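S.K.: Next comes the sequence, and after it the predicted model I'd like to discuss.
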Amino acid sequence: MTDRDLRRRCQRVVAGLDIASPLDVHALCRQVASRRGRPIQLVPMDAGPGLSGLWLATPTTDYIAYEASTSPLHRDHIILHELGHLLCDHAAAELVAGDYGHLLPSVDAGVVRSVLGRATHADDQEREAELIAALIHQRARRGAQTAGRDAVDVAPAVHRLETVLQGHVDWTSDH
């Protein structure tokens, strides 16, 4: 897949999302879970070097694990990256029993069917998930900038209108 094709595909995926500004990763997870018809559970983990996030699929639930000891911005990016895998219907590797049990002791390793770990961005699936995460951040920022600009643009107009009307309307009157 060319870079241009990859970007277009990712832009189409992100365009179909309702992205709040400021970004609410939990709300976005609920939105994706609703679309997929299965819950998404966010699970903090202490992965150690080389792994910052992963997606585990069970027959009934998707688990997105993220590095617990990182900044909130990085945590959100890891979660968005893993959501990118779900949104793009990426194929996960079949799990060898117990491979990730030490990272997510709260998830029954016996029911885990597949796993996708976030360690590098070498293949197309990783690049695509990374671009999805970046585009979601970008849309949320753009929404915040637009909202802020609108508030600044509207405030002087409202003030001028109030000033004009104050000269012609008795604001203390009940009629």
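M.R.: Perfect, I can see it now.
S.K.: close enough to count as contact, L83 and E128?
M.R.: No - L83 lies out of contact with E128 (Cβ atoms under 8 Å); the separation is 11.9 Å. Where you see a C-beta, it was placed from the backbone N, CA and C, and this is true even at glycine.
S.K.: now D24: how far from R7?
M.R.: D24 sits 25 Å away from R7, taking Cβ to Cβ, to the nearest Å as the criterion.
S.K.: For A140, which non-adjacent residue is spatially closest?
M.R.: Of all residues not flanking A140 in the chain, L23 sits nearest, at 3.7 Å (Cβ to Cβ, 6 or more residues apart in numbering).
S.K.: Just say helix, strand or coil for P44.
M.R.: strand (DSSP: H, G, I helix; E, B strand; the rest coil).
S.K.: That one contacts Y66, doesn't it?
M.R.: Yes - between P44 and Y66 a contact is recorded at 6.3 Å, counting by Cβ under 8 Å.
S.K.: In terms of neighbours, single out the busier of the two.
M.R.: Y66 (24 against 14; other Cβ atoms under 10 Å).
S.K.: what sits against the more buried one?
M.R.: For Y66, the contacting residues are 42-45, 52-53, 75, 78-79, 82, by Cβ atoms under 8 Å, 6 or more residues apart in numbering.
S.K.: 10 Å - rerun?
M.R.: Counting by Cβ atoms under 10 Å, 6 or more residues apart in numbering, Y66 touches 25, 42-45, 47, 52-54, 74-82, 118.
S.K.: same thing with S71?
M.R.: H77.
S.K.: now L135
M.R.: Contacts for L135 (Cβ under 10 Å, 6+ apart) come out as 7, 10-11, 13-15, 17, 19, 80, 84.
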